[in-house]
Structure formats: structure tokens, C-alpha cells
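Engineer: here you go, sequence then predicted model.
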Amino acid sequence: MARTYGYARVSTAEQYEDRQLNELEAFGLSKGNIYVDKVSGKDFLRPAYQRLRRRIREGDLLVVSSIDRLGRSYPDIQEEWRFLTKEKNADILVLDMPLLDTRRDKDLMGTLIADIVLQLLSYVAQVEREHIRQRQADGILAARQRGVRFGRRPLPIPEGFFGIYEDWRLKRITTGEAMRRARMSSRQFYWMARKCRALEEGAAGETGEE
């Protein structure tokens, strides 16, 4: 017996998929047959989608609210559409684009129209994705030019670490002993040691020492 499945996707955990779920439920889908991913649409390696992909059988129908919810990569959307409709022999319906409904007009003309619309929409989805990435890059560049710093705030050198570092640098204590006294992992210790060394070299440069 053929089944109908819905798929919804948002790019991050902070975004909400409510609108897509409402549209899929309004179509008649139960929540148990709707798969949701909160991950980027750059490829199809998404947990919920992969489970759905394995479950779909011949004659089943996959419903999505829009083509960019299925994916954002032009060639990937084309390939996935071909896999589902040709290899799985399933149907696909895109709610906001009725022409993308493989259940209807299965003659040559209907297939041609659907293919043209799919190519156009998947191309638009990829172009929008590239525009988003470019806007993000432009925003980061502009912020850096304004002096905004990204990433974690640098950790200050703990009180008493200079003495431990000096004993370690002069080989008075082993690295293991230095890490134990500083209560740091090897990664933290070497990071702080490099910071101390940079400060020493900076001070030496300011005083003209060789």
C-alpha cells in the first residue's frame, strides 16, 4: 500500500519548522509521517532525510513545502529527484509549486514541463545559497574592518603561571610536573607557554635586548 511522507528542514536548531509542519499537516499528513532535519541543506547527508530515503517505496509520495526545503545544491537536487522518481519509482509534490507534482501529467509533455520547472527552481535555490554565503562573508569582512573580533575571548594567563613556566623553561621541573602544578592539560599548558614566550619576546624587543 502506497504511503505519503512529508519532509521539513530548517538550517539551524534556533530556527522553527512550524510553518512547514502546518502546511504538511494541512495537506493531510500525520506527524508520524513527517521527517524533520535541523541542518544545512548543502547536501543530502541529513539524519532524518536518510531514514526517510530508506523507507520510501515504489508508489509512495514525498511532500515538501518548497524545493529549497529539499535541498540547496542545484546538481544534488537534480540527482536526488531522479533517484526518487526513476529508481525508487516514487512521486514528489512541492506544495508551493503545483507544476512540480509527478502524480499528474505523466505523459511526455507533462514530464518535460516538470523537468524544466525543477531545473529552474533548483538553480534558483543554489544561487540564493551562494548569495547568502557571499553576504555572510561580506558581513564578516565589514565587521573585521570595524575592529570586531570573532572567536573566543583569549584566556588570561593565570596568576602564578609565570613562575611555573620559568621553572619549566629552565628545566628545573618536567613538563608533567609543570602541568600538574598549573592544573592544565597538555594543550592548555603549551598554549599558555607560547603566550608567555610571546610576551617575553615582545618585552625584549621593546627594551632592545637581543
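Structural biologist: Arrived safely.

Engineer: C-alpha only now, for contacts and for neighbours.
Structural biologist: Noted.

Engineer: by mean pLDDT, flag the weakest helix or strand of the chain.
Structural biologist: Comparing every helix and strand of the chain by mean pLDDT, DSSP states H and E singles out helix 108-145 as the least confident one, with a mean of 70.

Engineer: after that helix, which helix or strand is next?
Structural biologist: Past helix 108-145, heading to the C-terminal end, the next element that is a helix or strand (DSSP states H and E) is helix 161-169.

Engineer: tell me the SS of the residue nearest the centre of the chain?
Structural biologist: Most central residue of the chain, judged by C-alpha distance to the mean C-alpha position with Cα atoms, centre = their mean, is Ser40 at 3.8 Å. When the structure is split into helix, strand and coil by DSSP: H, G, I helix; E, B strand; the rest coil, Ser40 lands in coil.

Engineer: pretty sure it sits against Thr12.
Structural biologist: Yes. In this structure Ser40 lies within contact range of Thr12 using Cα atoms under 8 Å: 7.0 Å.

Engineer: grab the nearest non-local neighbour of Gly71.
Structural biologist: With Cα to Cα, 6 or more residues apart in numbering as the criterion, Gly71 has its nearest non-adjacent residue at 4.8 Å, and that residue is Gly41.

Engineer: thought that neighbour was touching Arg69?
Structural biologist: Yes. At 7.3 Å, Gly41 counts as touching Arg69 under the criterion of Cα under 8 Å.

Engineer: who touches both of the two?
Structural biologist: Common contacts of Gly41 and Arg69, defined by Cα atoms under 8 Å, 6 or more residues apart in numbering, comprise Arg9.

Engineer: surely Leu84 is in a helix?
Structural biologist: Yes. Assignment of Leu84 by three-state DSSP places it within a helix.

Engineer: find the nearest non-adjacent residue to it, please.
Structural biologist: The shortest distance from Leu84 to any residue other than its chain neighbours is 5.6 Å, reached at Ala90 (Cα to Cα, 6+ apart).

Engineer: which residues touch the one you found?
Structural biologist: The neighbours of Ala90, taking Cα under 8 Å, 6+ apart as the test, are Ile56, Arg57, Glu58, Gly59, Asp60, Leu61, Leu62, Leu84.

Engineer: wait, the last one sits on Thr102?
Structural biologist: To tie it back to what came earlier, the one meant is Leu84. No. With contacts counted by Cα under 8 Å, Leu84 stays clear of Thr102, the gap being 10.8 Å.
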